[in-house]
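1. Let's see this in three dimensions:
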Amino acid sequence: MQTIRFDRLGARPGDVVLDAGAGFGRHAFGLALHGCDVVALDYAADEVVATRATFGGMIDAGQIDAARYVGVLRGDATALPFADASFDRVITSEVLEHIQADTAAIAELVRVLKPGGTFAATVPTWLPEAINWMLSDEYHAPAAAGGHVRIYSAIELKAKLRAAGLTVTGSHHAHALHSPYWWLKCAVGPRNDDHPLVRRYRQLLEWEIVRQPRGMAILERALSPVLGKSLIVYATKPAQSHREDP
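-> Modelled structure (predicted):
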C-alpha cells in the first residue's frame, strides 16, 4: 500500500532516493521495485532490522537487483548523516507529526536533496486526525511514547516546506477507508487490536489491499478528498538559489 505516488514524485530508475522515517519499508520496497537506488532511515531499531531483512529476502528472491539496496540505517531526521545534495528524491511518510522540531527535520531533508530534486511528505489529514484526538488521549501521547504531537493543516505544512526553500507543486489525499478504522481504534483504545470490531475492519482493509476490488477503489477515490487519512504534498528544490543584488 503506497501513499506517495511515484509518478508525481518523478521517481525514475537509477534515482538515488532517501526514505526518511521508513518504518517497515513499504515505500522503500516500492521504490526499489521501481528501479530506484534506495536508502531507508528510521529511528526505531526494530524497524531498521526488519527492513534490512526484507530487502535481503527480496534480493535473494530475485525481485530486485542488489544494486537497488544502498542501505538501511538508524538515524535522526533532525541530524541526517549525509552530505549536502546527496539525493535525487527525498520522501518522508507519516513522520513529521511525531517530531517536536519538525522545521529542523524539514530543513535537514531539504539540505540533502539535490537542487532540482523532488520531495514528498505525508502527514495525517486535519479532520480525520482531529477526530482521533477527540476520541483518545492515548493516541496523541508524548512523542517519546510514539504519539502525535501536532495536527497539520494543509496550509501549515505547505508553508513550512516553502519556508525551507521548496516550491510546492501539488497535493492530494489518500486512504479514506482507513479513517473510520482509526476512529474505531481510538474509540475502543488505540492498543486494543483484539477488539472484535477492530479485527473485522482490519480484515476488510487487508482484503481490499490484496484483492483491490474495483468497487472499493471507486469508493476510495470518491471519499479521499474529504475523508482521506493522509495528506500528501509534493515539492521541488529550486535548481539554483536566487541571491539578491547587493
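
2. where's residue 18 relative to residue 91, distance?
-> 7 Å (C-beta to C-beta, to the nearest Å). In this view, the C-beta of every residue, glycine as well, is placed from N, C-alpha and C.

3. how near is the most centrally placed residue in the chain to residue 101?
-> Nearest to the geometric centre of the chain sits residue 93, at 1.1 Å (C-alpha atoms, centre = their mean). Distance, residue 93 to residue 101, using C-beta to C-beta: 18 Å.

4. Then residue 154?
-> 21 Å.

5. swap in residue 189?
-> Counting by C-beta to C-beta - residue 189 and residue 101 are separated by 29 Å.

6. Just the terminal-to-terminal distance for stretch 158-176.
-> Taking C-alpha to C-alpha, to the nearest Å, stretch 158-176 runs 21 Å from one end to the other.

7. What residues of that stretch count as buried?
-> Buried residues in stretch 158-176, counted by 16 or more other C-beta atoms under 10 Å: 158, 160-161, 164-166, 168, 171-176.

8. In helices, which of the residues you listed fall?
-> 158, 160, 161 (DSSP state H).

9. The first one touches residue 232, doesn't it?
-> Yep, that's residue 158 we're talking about. No. Judged on C-beta atoms under 8 Å, residue 158 makes no contact with residue 232 at a distance of 11.6 Å.

10. so what sits against both of these two?
-> Taking C-beta atoms under 8 Å, 6 or more residues apart in numbering as the criterion, residue 158 and residue 232 both touch residue 171.

11. Could you list the low-confidence segments of the protein?
-> Residue ranges of the chain with pLDDT under 70: 142-146, 241-246.

12. By residue count, which strand of it is the longest?
-> strand 113-124 (DSSP state E).

13. If we go by neighbour counts, what in that strand is buried?
-> Under 16+ other C-beta under 10 Å, the buried positions of strand 113-124 are 113, 114, 117, 118, 119, 120, 121, 122, 123, 124.

14. Provide the strand pairings for it, with the direction of each partner.
-> Take DSSP bridges as the rule and strand 113-124 pairs in its sheet with strand 87-93 (parallel), strand 230-236 (antiparallel).

15. Just name the most buried of the ones you listed.
-> Each of these was scored by mean neighbour count; the highest is strand 87-93, a mean of 25, by mean count of other C-beta atoms under 10 Å.

16. what's next to that one, contact-wise?
-> 3-4, 9-11, 15-21, 23, 27, 36, 39, 77, 105, 109-110, 112-114, 117-122, 230.

17. Recalculate using a threshold of 6 Å.
-> Outside strand 87-93, the residues that touch it by C-beta atoms under 6 Å, 6 or more residues apart in numbering are 3-4, 9, 11, 15-21, 27, 109, 112-114, 117-122.

18. Next, work out how far apart the residue lying closest to residue 231 once chain neighbours are set aside and residue 178 are.
-> Spatial nearest neighbour of residue 231, excluding adjacent residues (C-beta to C-beta, 6 or more residues apart in numbering): residue 125 at 4.6 Å. Separation of residue 125 from residue 178 (C-beta to C-beta): 10 Å.

19. So the two - more neighbours on which side?
-> residue 125 (26 against 20; other C-beta atoms under 10 Å).

20. Verify the stated contact: the more buried one with residue 232.
-> No. Using C-beta atoms under 6 Å, residue 125 makes no contact with residue 232, being 9.6 Å away.
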